[in-house]
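Trainee: Structure, please.
(one chain, ligands or ions: 2)
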Amino acid sequence: MKTCVLLLQTLIVTFALSGCGYALEEMGLFKTGEIILKTPKVNEFSESLIDYYVVRQTALKTCFECHTTKAPLLDTEAKIYEHREDIMATVESGDMPPIRKGYQPLTACELQILRSYFDNQTNQRPAQRVKELSACTEGTKPPTQPTSPVPNPPEQTPQPDLGQLELSFKNLRTAFFDAKCLNCHSSQVERPKDPMLDSIAHILAAKDYTDKSITVYKNGADSLLYKITVPGLTDTIMPPARTKVQLTPAEADYLKRWIDAGMPE
Ligand code: HEC
Ligand code: HEC
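Mentor: Numbers count the residues shown, from 1 in each chain. Ligands and ions are numbered 1, 2, ... in the order given. Below you'll find the predicted structure:
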């Protein structure tokens with residue numbers, strides 16, 4: 001029993017020391033400006049058992065750039081396990097790490113590493129080796145193909161002529177806003193995204209991440225709510241690019257004219 005405890009202590013000390021060394025090493029490796037130079041190298045771990053160290057060096061590598069200071073804090077093994085459901089949900093949907101800040105979504109292999117890691121902990125199963133995971137068996141080929149489900153573009157049903165349609169929130173919603181925006185930005189969905197856009201009051205109260213209102217009174221052209229739906233008008237796009245859904249020019253134009261008209265009910 002004594003030897004066992006001793007052994008354990010040695011292990012912990014070794015782990016802590018090597019962890020520290022790697023943290024230092026990583027500082028130089030992360031990012032230059034907005035471009036990621038190093039995507040985590042899964043291949044060099046193909047023989048490794050999937051443990052906290054491997055997860056830190058692969059799937060969760062970028063997270064430590066922000067989540068050692070930003071909530072949710074993910075700076076220890078225990079906290080990461082505690083937040084496992086939120087973590088899986090955000091990385092699977094491609095919301096984290098933030099693509100708009102120049103990060104790559106997790107690869108299929110990294111997602112499997114993470115799933116397997118949490119699953120082993122929950123079920124107290126011994127760890128697999130990275131190369132045993134189906135998405136990580138590509139040998140030297142860098143894993144690509146993220147598995148995050150990309151919703152199919154909605155069926156092309158014949159559109160009402162938006163040019164003729166009376167400007168109202170009700171018409172906006174039925175024409176395309178429900179299907180293309182409120183599927184994420186409404187309290188009716190399981191993981192609603194900020195800002196809430198499911199009522200005029202919510203839209204008026206909504207702020208962008210710089211704390212500016214997303215609408216300018218009777219000025220669609222200057223309103224983020226409109227601009228964000230048109231490629232190139234902002235540094236991002238809604239719906240998010242990964243969904244492969246966009247507003248048609250007629251839809252974006254209807255949204256703009258609805259704001260111009262003072263956002264009628
Ligand atoms: C560039 C900084 C940055 C990086 C890198 C980053 N995050 Fe985040 N994360 C944020 C910010 C800011 C928020 C809060 C705002 C938001 O939800 O968009 C957040 C929110 C979250 C949340 C809570 C929101 C939710 O939807 O449940 C989780 C969980 C999360 N991040 C996990 C991760 C994981 C896992 C990684 C690495 C794969 C990661 N983040 C990488 C900045 C970052
Ligand atoms: C698949 C889910 C999804 C859909 C569909 C979607 N959004 Fe978003 N939206 C998000 C997420 C996630 C964020 C926060 C992260 C970000 O800013 O990239 C966001 C953020 C925003 C913001 C705030 C941006 C900022 O800079 O703070 C606005 C405004 C917005 N969306 C409008 C829209 C509009 C308008 C539509 C429909 C044309 C739409 N979204 C469709 C997921 C979605």
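
Trainee: where does the stretch 151-265 of the chain dip in pLDDT?
Mentor: For the stretch 151-265 of the chain, the stretches flagged by pLDDT under 70 are 151-159.

Trainee: Kindly report the same for the stretch 1-150 of the chain.
Mentor: Looking at the stretch 1-150 of the chain by pLDDT under 70, you get 1-41, 138-150.

Trainee: Show me what from it comes close to ligand 1.
Mentor: Within the stretch 1-150 of the chain, the positions adjacent to ligand 1 are 60, 62-63, 65-67, 70, 72, 83, 86-87, 90-91, 95-98, 101, 103 by CB under 6 Å from any ligand atom. C-betas here are computed from N, CA, C, even on glycine.

Trainee: Throw together a PyMOL command that grabs the buried residues out of the residues you listed.
Mentor: In PyMOL syntax, the buried subset of those is picked out as below (16 or more other CB atoms under 10 Å):
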select buried, resi 60+62+63+67+83+87+90+91+95+96+97+103
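
Trainee: near ligand 2, which of the residues of the stretch 1-150 of the chain next to ligand 1 show up?
Mentor: Okay, of these touching ligand 2 (CB under 6 Å from any ligand atom), that's residue 95.

Trainee: Give me the subset of the residues of the stretch 1-150 of the chain next to ligand 1 lying in strands.
Mentor: Nothing among these maps onto strands, per DSSP state E.

Trainee: Show me the residues of the stretch 1-150 of the chain next to ligand 1 that map onto helices.
Mentor: Judged by DSSP state H, the subset of these located in helices is 86, 87, 90, 91.

Trainee: Distance check, the last one against residue 222.
Mentor: As defined by CB to CB, to the nearest Å, residue 91 lies at a distance of 34 Å from residue 222.

Trainee: same check, this time on the third one
Mentor: To residue 222, residue 90 is 31 Å away according to CB to CB.
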